[in-house]
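Student: no FASTA, just this:
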């Protein structure tokens, strides 16, 4: 079983729509959570961190449910420029080391 | 800052040839990561270094893959001999301890 699972999509939504992505992780020792954005043929870039209390950055809202090992990303008022692949990312530390584990991503296409 | 610099951007090579991918991390970042990305498997961690020392290489697929970090400003990932199934985008990322910055990647095609 993959450690971080996401619906691959694609999600095709009209401009202005609200869209939500979900992610589950299997390692209960996971400590930090992130959403990364990857544009076509580009490198992943950090979109936002995810905090236990939930957090918002403009049109983007991220939530974490540790009990269910579930993370979500909500995008309101979608723009054409939001079209990208969104990667759910989990970090855990142990034995003096840490690494990020990436989901395979959810592809979003915002349509005019 | 120029960010994480990878070279080459694209590499096409024949099966059996040696391939060397290069990475210059951001100055001051003490951790460096090599990832491979394919459609089927997504982003997979191959190996990571902390203060130039390999910490976890459990993701390296097999002995054909090797990585070195001779100093804080340079790392290489070598595949010898290369095989068509190695075709992927290879990303290098560096981190000061929290947050990753990725390079633009090397798109490798083995024919």
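Tutor: That came through fine. In this text, all values refer to a predicted model and were calculated from it rather than measured experimentally.
Student: Following element in sequence after the helix-or-strand element of chain A with minimal mean pLDDT, please.
Tutor: The least trusted helix or strand in chain A, going by mean pLDDT, DSSP states H and E, turns out to be strand A:97-102, with a mean of 78. Next helix or strand after strand A:97-102 toward the C-terminus (DSSP states H and E): strand A:106-111.
Student: burial measure for the closest residue to residue A:51 other than its chain neighbours, as a count.
Tutor: Nearest residue to residue A:51 in three dimensions, chain neighbours excluded: residue A:64, at 6.8 Å (C-beta to C-beta, 6 or more residues apart in numbering or on different chains). Quick note: C-beta positions are derived from backbone N, CA and C, even for glycine. The number of residues packed near residue A:64 is 22, by other C-beta atoms under 10 Å in any protein chain shown.
Student: can you check residue B:104 too?
Tutor: By other C-beta under 10 Å, 17 other residues sit near residue B:104.
Student: Give me the distance between it and residue B:110.
Tutor: Going from residue B:104 to residue B:110 by C-beta to C-beta, to the nearest Å gives 20 Å.
Student: for residue B:67, same thing?
Tutor: Taking C-beta to C-beta as the criterion, residue B:67 is separated from residue B:110 by 18 Å.
Student: same deal with residue B:85?
Tutor: Computed as C-beta to C-beta, the residue B:85 to residue B:110 distance reads 8 Å.
Student: With neighbour numbers in mind, choose between those two.
Tutor: Taking other C-beta under 10 Å, residue B:85 and residue B:110 do not tie; residue B:110 has more neighbours (20 against 10).
Student: what is that one paired to in the beta sheet?
Tutor: Under DSSP bridges, the beta-bridge partners of residue B:110 are residue B:13.
Student: just residue A:65 next, same as before
Tutor: Assessed by DSSP bridges, residue A:65 has beta-bridge partners residue A:70.
Student: Give me the mean pLDDT for stretch A:41-56.
Tutor: Averaging pLDDT along stretch A:41-56 gives 93.
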